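>>> with the input below, show me the fold.
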Amino acid sequence: LMTSGSVIQFVHKHMGLVPGWGGAARLVRIVGSQKALKLLGGALKVDPELGLDIGLADEVLEADQGAATALQQAENWLSRYTKGPVPVIHAVKKVVLAGRELPLSEALRTEKEVFGTVWGAPANLQALASKSKHK
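Below you'll find the model as predicted:
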């Protein structure tokens with residue numbers, strides 16, 4: 001998340017360094033190697049528009065209402081992804097991570113296994129009872 005007027009910049013080059021704790025590897029996975037090379041090699045400033053365009057930001061929050069409001073906006077945005085039954089949130093993370101990190105055959109196997117942990121579990125049964133599929 002970014003606010004209008006904010007910037008992201010990898011300043012390592014100006015310091016005679018490169019990221020050393022996984023920042024470069026993660027950046028490549030997020031924006032691709034060509035854009036990562038430009039961001040790291042050029043120490044480019046990423047404004048919210050560019051951040052959205054290259055996938056470094058998911059949304060731009062309204063910053064002109066103060067930090068507390070921006071924090072509340074960020075919490076509201078994040079709650080869309082974190083509210084819900086904890087086992088289901090964990091399962092979602094596991095299948096996405098498997099899809100990203102594992103060969104397809106292993107990712108498919110992992111997805112099947114994880115599905116088995118939530119099928120018929122309390123959150124699934126409650127959703128079925130409340131017919132919440134379309135809500």
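>>> against residue 39, how distant is residue 85?
37 Å (C-beta to C-beta, to the nearest Å). Quick note: C-beta positions are derived from backbone N, CA and C, even for glycine.
>>> so between these two, which is more surrounded?
Between residue 85 and residue 39, counted using other C-beta atoms under 10 Å, residue 39 has the larger neighbour count: 23 against 15.
>>> the worst-scoring helix or strand of the chain on mean pLDDT packs against which elements?
For the chain, counting by mean pLDDT, DSSP states H and E, helix 67-82 ranks last in confidence among helices and strands (a mean of 86). With contacts taken as 3 or more C-beta pairs under 8 Å, 6 or more residues apart in numbering; DSSP states H and E, helix 67-82 sits against strand 60-61.
>>> strand partners of the strand it packs on, parallel vs antiparallel please.
Partner strands and pairing direction for strand 60-61 (DSSP bridges) are strand 2-3 (parallel).
>>> for the following helix or strand past the partner strand, name the packing helices and strands.
The helix or strand immediately downstream of strand 2-3 is strand 8-9, counting by DSSP states H and E. Helices and strands touching strand 8-9, by 3+ C-beta pairs under 8 Å, 6+ apart, are strand 45-46.
>>> on that earlier part again, list the contacts of the least confident helix or strand of the chain.
Identification of contacts with helix 67-82 by C-beta atoms under 8 Å, 6 or more residues apart in numbering yields 1, 3, 58-59, 61-63, 89.
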